[in-house]
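I'll drop the sequence and a predicted model, then ask my questions.
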Amino acid sequence: GLKDRMGSVGNQFALTSILGFLFSIPFVLLKEGSRLGEFADVLKNSSAVKMNLIASALWYYGYNELSTMTLKKTSPVTQSVANTAKRVIVIVGVALVLGESLDPMKLLGCAIGIGGVFLYSIIDQLVKSKED
């Protein structure tokens with residue numbers, strides 16, 4: 001079947017990414033096509049933009065492929081918990097690196113945001129367990 005021909009989870013994710021890119025091209029051209037030449041000039045003349053574009057693409061692809069492989073090996077709830085924990089680590093880490101204070105109001109805002117995301121990600125499992 002299709003799964004045998006596509007191979008591993010990594011191949012499935014790669015194919016999905018390529019198709020997403022191809023389907024987005026007409027919309028990009030429609031919305032930003034008039035500025036494509038300007039973007040090409042900046043890309044040609046700025047090595048920082050070029051390196052940041054490549055690095056951003058590689059990090060995005062790597063993160064999403066790792067996430068797809070992790071989801072294949074764990075349950076969706078485990079993935080949701082790990083993703084929520086990642087948000088906490090990123091928020092605290094950025095605050096430390098930038099020297100931001102984490103006063104109680106900021107911590108409360110973070111807790112509400114992270115708690116909401118966590119509940120949203122596991123609500124199906126909570127509702128299903130009550131029905132059983």
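Perfect, I can see it now.

contacts and neighbour counts: CA atoms only from here.
Will do.

where along this structure do the helices fall?
For the chain, helices defined by DSSP state H occupy the ranges 2-6, 9-32, 36-45, 47-73, 76-98, 104-131.

okay, these in TSV with mean pLDDT and mean neighbour count next?
Below are these laid out as TSV (pLDDT from 0 to 100; neighbours: other C-alpha atoms under 10 Å):
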stretch	mean pLDDT	mean neighbour count
helix 2-6	67	9
helix 9-32	88	13
helix 36-45	93	12
helix 47-73	88	13
helix 76-98	81	14
helix 104-131	78	12
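
Could you give the backbone dihedrals for residue 103?
phi -70, psi 170 (degrees, to the nearest 10).

let me redo that: residue 75
Note on residue 75: backbone dihedrals following degrees, to the nearest 10 are phi -90, psi 160.

roughly how far apart are it and residue 125?
Residue 75 is 11 Å from residue 125, where distance means C-alpha to C-alpha, to the nearest Å.

repeat for residue 104
Residue 104 is 31 Å from residue 125, by C-alpha to C-alpha.

and if you look at residue 83?
Taken as C-alpha to C-alpha, the span from residue 83 to residue 125 is 16 Å.

One more: residue 98?
Residue 98 is 37 Å from residue 125, by C-alpha to C-alpha.

do residue 103 as well
Counting by C-alpha to C-alpha, the gap from residue 103 to residue 125 is 33 Å.

what do you get for residue 119?
Distance of residue 119 to residue 125, given as C-alpha to C-alpha: 10 Å.

Check residue 118 too.
Taking C-alpha to C-alpha, one finds residue 118 at 12 Å from residue 125.
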